[in-house]
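Visitor: My questions concern the predicted model and sequence given below.
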Amino acid sequence: MKAVEIAARTAWGEARGEGVAGMQAVLNVINNRAKSPGWWGRDIASVCLTPWQFSCWNAVDPNRERLTSVTDKDALYRSAVAMAGRMAAGSLPDLTKGADSYYATDIPKPGWAVGRVPLITIGHHAFYRMGLRGNGE
């Protein structure tokens with residue numbers, strides 16, 4: 001798979017229930033991480049596929065099978081592909097205010113988010129700027 005397709009599948013897998021804005025926000029996080037390489041990856045594809053970063057890619061996630069089999073017959077997936085193309089071209093607006101991390105607010109707050117204020121909440125996802133790189137920054 002090409003990077004744009006991997007990013008589109010990631011956005012669709014993580015946020016299709018949040019609609020276009022939610023998928024765009026996930027793409028923004030992917031892009032913000034790719035622009036600040038670190039332990040989470042060095043480019044669009046590696047950012048998406050680094051283990052345990054986007055749960056939709058985890059082998060144990062029930063969403064994984066849907067993610068790998070979705071086609072352009074799905075309207076939201078087509079939207080995700082179009083937005084991923086815009087992201088790769090540098091023309092997708094950042095709804096997240098520079099976020100590089102998020103979590104679904106319908107699960108318990110993860111340890112990394114405790115004591116932090118989200119930059120923005122979009123749908124059921126809270127977005128944060130952690131700025132963590134491989135060197136501890």
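Guide: Cool, got the structure.

Visitor: What residues of stretch 41-57 count as buried?
Guide: Across stretch 41-57, burial judged by 16 or more other C-beta atoms under 10 Å covers Gly41, Ile44, Ala45, Ser46, Val47, Cys48, Thr50, Gln53, Phe54, Cys56, Trp57. For glycine as for every other residue, the C-beta is placed from the backbone atoms N, C-alpha and C.

Visitor: In helices, which of those residues appear?
Guide: When DSSP state H is applied, those are split such that Ile44, Ala45, Ser46, Val47, Cys48 fall in helices.

Visitor: Any chance of those residues in TSV with pLDDT and distance to Leu27 as columns?
Guide: Below are these laid out as TSV (pLDDT from 0 to 100; distance: C-beta to C-beta, whole Å):
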residue	pLDDT	distance to Leu27
Ile44	96	9
Ala45	96	13
Ser46	95	15
Val47	95	11
Cys48	96	10
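
Visitor: So in the chain, where's the weakest helix or strand by average pLDDT?
Guide: When each helix and strand of the chain is scored by mean pLDDT, DSSP states H and E, helix 64-69 comes last, with a mean of 92.
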